[in-house]
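**Student:** sharing a sequence plus its predicted fold:
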Amino acid sequence: MQFDTVIHGGTIATADYTAKGDIGIKDGRIAAVAEKLEGGARRIDAGGRIVVPGGIEAHAHIAQESSSGVMTADDYLSGSISAAYGGNSSFIPFAAQQRGQSVDDVIATYDARAARSVIDYSYHLIISDPKPEVLEDQLPRAFARGITSFKVFMTYDLMNLGDGGMLDILTVAREHGAITMVHAENNDMVKWMNRKLAAKGLTAPKYHAISRPELAEQEAINRAIQLAKLVDAPLFIVHVSTEGGAEIVRREKFNGAKLFAETCPQYLALTRADLDRPGMEGAKYICSPPLRDSRTQDALWHHIAQGTFESVSSDHAPYRFDETGKFLNGSDIPYPKIANGMPGIAARLPYLFSEGVVKGRITLEQFVALSSTNAAKTFGCETKGRIAPGMDADIAIWNPEARVTVTAADQHDNMDYTPFEGMEITGKPEIVMNRGAVIVEHGELKAKEGQGRFVARQPVDLRGKPGFTAKELDPSQNFGAELR
Ligand code: URP
Ligand code: ZN
Ligand code: ZN
């Protein structure tokens, strides 16, 4: 076969194995993987390099208004470029429903925004208004279009659906093979803490960390899982930030729950001490759930190594350190009025490689699983996340020895800071491909605006997750009531 491109001489790493070999690419797909491949209109020498599936960023806020109406600094052009520099070939940002808005309108809005992307994309649909027409007509329509994940919030007054609303979404999602993602923090515990802190005038950025207790996350994670178990629906817990939360996830997974979870680099690399920087600097580190402590970092790494998490995602939520972002509500404002979130889409994989693989906390195969393969399975990207014949040629070629000091400019996003500034990283994606096209090569952007494509996704892969039948929903045990 005449290949368009052959990547030769590299060490191919997948979620299952690592071996020396060549990859032949034809028409945007991987056509062959073999010990030696001849030919190729272009031959890329990967000697001394590690060749992995291009990252799939499964948690990013791009061209999205926050619940309080602050627009992210990155649109689909700058966000996708930053992702590509960070070793990603595709991403799944959120498409957020505002209250009163139809899901069809949400999707049309994000289709227009995403048309600028340089990498392939899909959306997780955030549901804030699950009225009957949304549940009965609009979500099934979104699902039929290949949007197979819905996200709900247990916190933020404008987003919190309550337990009943969550059960409705979980039920619809289960019926269609979709997965529900959840931001799990107990809203009333947070509001109660906010009131206590405000009464004492404690409003500096550092009190954000105090206002959202570890127990608020743990309680909500546990509650979300029990809600999902009641209706036997798959559930994905986003941005787990606590040891207790991770322990609950591990236990419930072990017991067969249809459960998936992620954590994020900020919970591994930063602590609440970062919120206590001089003046308003701490605002850069405000995200929810908040940063915790070094003991938690060790525990989360342990859970990553032990398989509690499917993915390490960035939760890229870029709000600039100025009046367009963090300080849209004023410059000297109490922490509850500061936009929540921090950037990190370009730093995710270099950080995970450096602190994970290079430091021996995880294997190279785990790195691949956590960065792309598991996300592809969980979120139904059936042609992505693996290096095998027939798959999209979404590939990243890493120099495992490159030394990099993280700077804001090198993130290639539209931000004016990175929370990872100054961090020493070993390992760098030098060449990144999306469907066979080189999009980043040795620091140069090769992609054109709009060359990314929408990925219609499949249902979540539930193999190995038997789930539960609650007695009360089992017609053989509930006097024959058909409630499911
Ligand atoms: O603080 C964060 N993480 N902001 C983004 C929205 C969310 O909750 O994921
Ligand atoms: Zn969240
Ligand atoms: Zn998020």
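**Tutor:** Yes, it's here. Ligands and ions are numbered 1, 2, ... in the order given.
**Student:** near ligand 1, which residues of the chain are found?
**Tutor:** Contacts of the chain with ligand 1, taken as C-beta under 6 Å from any ligand atom, map to His61, His183, Cys287, Ser288, Asp315, Ala317, Asn340, Gly341. In short, each C-beta sits where N, CA and C put it, glycine included.
**Student:** tell me which residues form a beta bridge with the second one?
**Tutor:** Looking back up the chat, that one is His183. With DSSP bridges as the criterion, the beta-bridge partners of His183 are Phe153.
**Student:** may I have the predicted confidence score for the residue positioned nearest the centre of the chain?
**Tutor:** The geometric centre of the chain, computed from its C-alpha atoms, lies nearest to His59 (C-alpha atoms, centre = their mean), at 2.2 Å. Per-residue confidence (pLDDT) for His59: 98.
**Student:** that one contacts Ser313, doesn't it?
**Tutor:** Yes - the pair His59 and Ser313 passes the contact test of C-beta atoms under 8 Å, sitting 3.5 Å apart.
**Student:** give me the common contacts of the two.
**Tutor:** Val238, His239, Glu262, Cys264 (C-beta atoms under 8 Å, 6 or more residues apart in numbering).
**Student:** from what I can see His208 touches Lys284, true?
**Tutor:** No - under the contact definition of C-beta under 8 Å, His208 does not touch Lys284, with a separation of 11.5 Å.
**Student:** could you single out the nearest of the residues of the chain next to ligand 1 to Val357?
**Tutor:** Asp315 (21.2 Å; C-beta to C-beta).
**Student:** surely that closest one meets His59?
**Tutor:** Yes - using C-beta under 8 Å, Asp315 and His59 qualify as a contacting pair, with a distance of 4.9 Å.
**Student:** need the residues touching each of the two.
**Tutor:** Residues within reach of Asp315 and of His59 at once, by C-beta under 8 Å, 6+ apart, are Val238, His239, Cys264.
**Student:** where neighbours are concerned, which of those residues has the most?
**Tutor:** In terms of neighbour count, Cys264 stands highest of these at 26 neighbours, by other C-beta atoms under 10 Å.
**Student:** for this protein, longest helix please?
**Tutor:** In the chain, ranked by residue count with DSSP state H as the criterion, the top helix is helix 214-230.
**Student:** residues making contact with the helix or strand following it?
**Tutor:** As assigned by DSSP states H and E, the chain's next helix or strand after helix 214-230 is strand 235-237. The list of residues contacting strand 235-237 from outside it, by C-beta under 8 Å, 6+ apart, reads 149, 170, 179-182, 184, 221, 224-225, 228, 245, 249, 257-262, 310, 378.
**Student:** filter the residues you listed down to the buried ones.
**Tutor:** The neighbour count (16 or more other C-beta atoms under 10 Å) marks 149, 170, 179-182, 184, 221, 224-225, 228, 245, 249, 257-262, 310, 378 as buried among the contacts of strand 235-237.
**Student:** from Ala261, how far off is Ile237?
**Tutor:** Distance from Ile237 to Ala261, counting by C-beta to C-beta, to the nearest Å: 4 Å.
**Student:** no wait, Leu364
**Tutor:** 22 Å.
**Student:** for the stretch 1-150 of the chain, give me the ranges with low pLDDT.
**Tutor:** Screening the stretch 1-150 of the chain residue by residue with the criterion pLDDT under 70, one finds no matching range.
**Student:** 90 instead?
**Tutor:** With pLDDT under 90 as the threshold, the stretch 1-150 of the chain has low-confidence stretches at 1, 66-69.
**Student:** for the residue of it at minimum distance from ligand 1, what are its contacts?
**Tutor:** Residue of the stretch 1-150 of the chain nearest ligand 1, by C-beta to the nearest ligand atom: His61 (5.3 Å). Taking C-beta under 8 Å, 6+ apart as the contact definition, His61 lies against Thr72, Pro93, Phe94, Asp315, His316, Ala317, Pro318, Gly341.
**Student:** at 6 Å instead, please
**Tutor:** With contact set as C-beta atoms under 6 Å, 6 or more residues apart in numbering, His61 has these partners: Thr72, Phe94, Ala317.
**Student:** phi, psi of the nearest residue in space to it that is not next to it in sequence?
**Tutor:** With sequence-adjacent residues excluded and distances taken as C-beta to C-beta, 6 or more residues apart in numbering, His61 is closest to Ala317, at 4.3 Å. Backbone dihedrals for Ala317, given as degrees, to the nearest 10, come out at phi -130, psi 80.
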